[in-house]
Each structure stands twice: as C-alpha cells, then as structure tokens.
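Student: Any chance you could fold what I've pasted below:
(2 chains)
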Amino acid sequence: MRVRFAPSPTGYLHVGSARTFLFNWLYARHNHGAMVLRLDDTDVERNTEASVQSIFEGLRWLGLDWDEEYRQSERLDLHRKAAEAIFARGLAYRDFTPARAGEDNQSGAQGAWLSNPGMRDLPREESDRRAAAGEPFALRFRVPRGEGRILRFVDAVYGAQSRPADEVEDFALLRSDGNPTYHLASCCDDADLRISHIIRGQDHLTNTFKHLLIFEALGAAAPQFAHLPLLVAPDGAKLSKRKHGPVVSVTTYRDAGFLPQAFVNFLCLLGWSPKNDRDFLALDEIRALFTLEGIHRANAVVNFTEEDPFDAKAVWLNAEHIRALPVEELSRRLEPFFAQAGFHAAPEKIAAVAPLIRERIRLLGEAAAAADFFFVSELAPYDAAELIPLKKGESAGDPALARRVLETAHKVLAETPFEHDALDKALREAAAALGLKAGPMFQPIRVAVCGRKNAPPLFETLMVLGRATCLERIAQAIERLDASPA
RNA sequence: GGCGCUAUCGUCUAGGGGUUAGGACGUGAGAUUCUCAAUCUUAAAACCCGGGUUCGAUUCCCGGUAGCGCUACCA
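Tutor: Numbering: from 1, shown residues only, chains lettered A, B, ... in the order given. Next up is the predicted model:
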C-alpha cells in the first residue's frame, strides 16, 4: 500500500493541501503503508525553492512525516521516454498549432478538443519533416474515437464513474518546450513509484479518465482512486490565496497560535467523520479511526470573515487542545509567543503562569495579552474607577471604600504567607471585618494588581506575582485613587 | 455551452423507507465561582423544489434548481 502527496511548489502550504496530505498520511499510517512526498515541480515558470521550503516547514509543523521524497524535475528523462514510447506506439501525435495563451473554450464551442483540425491525422512523414525542421509542437494523446469505448473506474469515495472516451479531449502530454504536462508526469511517476492509492482533491475527478488512458498507454495498472471533497470559502469558491488572502495558509494558523494537533483535528473533520459523535480527537485516535468510507462527498466550508479569520470550531478545538496539554508542554509552546510580545521570562515563571491562563485563551497568540501583568515591571495606566467596586445597578461606587479595602489588603498581604489557603483565609476574614462580601473585597485588589477587572483567580495570581510586587502595586493603586478626581 | 460531482440546523457532520432527524461549534437563557474564563443545565435552529415508487418518503428513482469541478502546451 503506497500513497503520495504531490503538491506543486508555487506558494506556501495551503490548508486544502495540508488536508490532502493529512488524509493520505492517515490512510498510509492506518494501513501500514508508505507515504511518498513528491514535488510536482514541472511548471518551471511558477515553481520556487522558497515554496518547497515552506511546504516542508508546514508539514513538519503539523507533525506529519513521510517515508520517501522525490522531485519531478529530476525525473524528466522518465517522462520524456514515456512520451516517446507512447508516440512510438501511435497513441500520441504532434500538434504544431501555436499555444493559445489564456484562451478559453467555455463559451459554447462544441468539440473544442478537435479545434486543431488536421493535426491528429497529419501524415507521419509531414509530422516528422516539420519536427526535423525545428518547428515546435506539443505532443497530444490520441484519445480513442468512434469506438464507443467507455472509460471506467470505481472511486473509493464517489463510487462507480464512467465516461465515453469520445467526450475526452486530446490532452497534451508534452508542451512545445519539450516539458511534460502535469498529466503525463504525474501518471508516469505514480506508475514508476508504484503508487497504489491516489487520494487527491475532487477537482481531479474528471481528469482521472485521462489518467486511465495514460496508465494504459504506459502499460501500467491504474491505481485505486479516492477523491476528496473540496474545501471552500464561505462564498462557496474554492479556497484561494488571491481571493481569500492569508487565511488559506497554514502558517497563518501556526503564527496565530494554533496547536498542530488542534489544526489537524479541525482539518480531519472537514469532509470526514469518525461517526462516533466525537469531535475532540488526538492524532492517534484519528489514525486508528480513519477509513475512506468515512469520507463524504459534499464540499466543506471553512468559515471565516474579515474580522474573524478563523473558523469558530477550529478555535474551539484549539482551546480544548490547549487545556489538554501538560503544563510543561504548554509552557514550552507559550514561550515564543511571550518572547514575541517582549516578555522574556524564566521557564519556571512561564510554567507558573500557564495554568492560570490556559482556560482563558483559545489561541496561544492570546496569551501575552492575557498575562501581560505577570511580566511587565510597570502596569499600563488604567482608570482608577475600576478600583471602586459597584453594587448592582449602581453607577458610581464609593472611592473611600476602595481605599479602605486596598489599605486593608496592603496590611494583610504584608503579613500573610503567600500560600493559597492562607491568602484565602486572611482576605476573606479581612472582608468580613469590613462588612464586605468577597466580590467587593477582591475586585479592588485584582485591579490594583492586574490593572484590569478580568483576570485569573486572585490568590494564584498574587502568589505568582509575589509579595513585593503586590504590595507595590496596591500602594500605587491607592495613589492613583487619590490622584483621580471625584 | 458541454460533461461530471454534490445537496440534513448559520457552519462541521451522524442517520436512514415509519426516528421526538442525533452530536459538535456558534448563538440565546439560566446555574455556579472572587471577576473573566472554564464547567453544568437549557432553548432556538435543518432533511433544496417538483413528480414518481410505496400503506408510508428526508431516505429509493426521475426531473428541476442551485453550488462546485473539469472542459489549458496550470497543477
């Protein structure tokens, strides 16, 4: 059992490509087969080495591996020889018609594949003579006509497919520069590399009939086919960089702080179902559960908007995976995101912070904003009014009360051991002594210490911050209160 | 235009001749907690349309419609 992923390196790794790789990988690993990575770089004009690197980078980030690696550009001899053999067998012919760049024949032209009349039936002597004279030509496959031949294959996802050969155009095998086309190169390599299952996007479903013809001309058995429903944008169009921007690049997800396992989890659910009502899945589980039968046939929409570039389910899955991570690993994942925000802290510090924010972030990229007060030496300015607890329905609180709370807190924190239970007990007792519930007691402290109302649980936060910082910030909060009007 | 593929809540999907059409995300409401988050409960939310087959179709068949794909010397 051998499968392959064959991207053309013309840009970064696309989420659709990533999913195709994933499905191939899952199939290979589930069935103990080989995963082949082949770079289909026959389009010299558009291929770049940078793209090759970004594909590798993306796949490595996903945590998916492969067993063999090839580049089509290094296999051109094979393709040309195959083309010659096909030509020698009379299964292809030279087409001397100049290439028509950008021209389309969607506008009602009947039998567009016959639009180079004469070429198919050009006498061999004339063809040879013109070729010898150096006239450029494309090599076209001579699709059987008028024989009533029906091309058939059974797709593992879409079922039995058939098409009369008469409806297949005489597609090109070789360009006029002598380079193989995708169809030729791809089939040659699939045959040569003994690929047993081709799992690829549904946009190739109709192309498969051409490929059947090529495999036959090559004298090779056709592999099994499984076509995958396409990933589309909310507007229904196939995801594309030009139309949809960076949201189609896996690096965008990575840089925003998706965990690879979460992203893989999200991707696998697009067009495939474990059929067990579960959504949160680890890679091992997915691999164990994966079958081609679980793939369904309709295109899947990846939801995103201008304001919200990530599918809500992807974000939720990421939050779930973040919570499932051991603290040490989460800390390790968080470190670069903190560093990027200018927070360079010791691993122990990050490990102490991580548990406090893990339930409050959905993307690793949100961590810095959620935990800034743990790292900065000086709190960003905040409104003193935040320090003043409000009763329900009240529009203005009592600054004097806030002041009393903070002064009490300062005293309590100066003499209480910075341990969870001790802080809990001491602060609650202080609240009771002031005739306050926990809420109005804790809020001023929280704001004083974090610079904002919404933050992790108070005692844990105080402990991570440490006594000195807490006392200093509470003192500053009191000053702030005094300085503020009203 | 031709050919092909597809069609279940907003989205990802399960299901399948008789079901209260299931789950998840998201959304609303409530509970809970020192805030936020998390968690729990709960609500609203779908079988594209028309024919046929059938005692009975969302499910099977046909047609329509819509979306997508292919129709390149792109892959």
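Student: tally of neighbours for A:Leu387?
Tutor: Neighbour count for A:Leu387, taken as other CB atoms under 10 Å: 27. The C-beta positions use only the backbone N, C-alpha and C, and glycine is treated the same way.
Student: same question but for A:Ile286, I mixed them up
Tutor: With other CB under 10 Å as criterion, A:Ile286 counts 21.
Student: Could you do the one 3 residues further on as well?
Tutor: Other residues lying near A:Leu289 total 18 when counted by other CB under 10 Å.
Student: likewise A:Val248?
Tutor: Residues within reach of A:Val248, counting by other CB under 10 Å, total 25.
Student: Contact partners for the spatially closest residue to it that is not a sequence neighbour?
Tutor: The spatial neighbour of A:Val248 that comes closest, neighbours along the chain excluded (CB to CB, 6 or more residues apart in numbering), is A:Leu239 at 4.6 Å. By CB atoms under 8 Å, 6 or more residues apart in numbering, A:Leu239 lies in contact with A:14-16, A:231-233, A:248, A:302.
Student: filter the residues you listed by proximity to RNA strand B?
Tutor: When contact is defined as CB under 7 Å from any atom of the strand, the contacts of A:Leu239 meet RNA strand B at A:Val232.
Student: ok, the residue nearest to A:Asp424 when sequence neighbours are not counted to RNA strand B distance?
Tutor: Excluding the flanking residues, the one nearest A:Asp424 by CB to CB, 6+ apart is A:Phe459, at 5.6 Å. As for A:Phe459, its distance to RNA strand B is 5 Å (criterion: CB to the nearest atom of the strand, to the nearest Å).
Student: what's the lowest-pLDDT member of the contacts of A:Leu239?
Tutor: pLDDT across the contacts of A:Leu239 is lowest for A:Val248, at 89.
Student: my read: that one touches A:His14, true?
Tutor: Yes. Between A:Val248 and A:His14 there is a contact under CB atoms under 8 Å: 5.4 Å.
Student: Find residues that contact each of these two.
Tutor: Going by CB under 8 Å, 6+ apart, residues that sit against A:Val248 and also against A:His14 are A:239, A:241.
Student: Could you spell out which stretches of chain A belong to which domain?
Tutor: Per the record, chain A has its domains at A:1-99+A:115-324, A:326-373, A:384-483, by automatic domain parsing.
Student: For the second one, what does the pLDDT average out to?
Tutor: For domain A:326-373, the mean pLDDT works out to 97.
Student: From the chain's centroid, how far away is whichever strand or helix holds A:Arg4?
Tutor: Per DSSP states H and E, A:Arg4 falls inside strand A:2-5. Relative to the centre of its chain, strand A:2-5 is centred 20 Å away, using CA atoms, centre = their mean, to the nearest Å.
Student: can you tell me how far A:Asp421 sits from A:Leu413?
Tutor: 15 Å (CB to CB, to the nearest Å).
Student: Those two: which is more packed in?
Tutor: Higher neighbour count among A:Asp421 and A:Leu413: A:Leu413, with 20 against 9, using other CB under 10 Å.
Student: so where do the strands sit in the stretch 1-150 of chain A?
Tutor: A:2-5, A:34-39, A:68-71, A:92-95, A:138-141, A:150-155 (DSSP state E, counting those that start in this stretch).
Student: follow-up on the earlier one: who touches the host helix or strand of the residue nearest to A:Asp424?
Tutor: In the assignment (DSSP H and E), A:Phe459 maps to helix A:458-465. For helix A:458-465, contacts defined as CB under 8 Å, 6+ apart pick out A:349, A:352-353, A:355-356, A:373-374, A:413, A:418-420, A:423-424, A:427, A:442, A:445-446, A:449-450, A:455, A:470, A:473.
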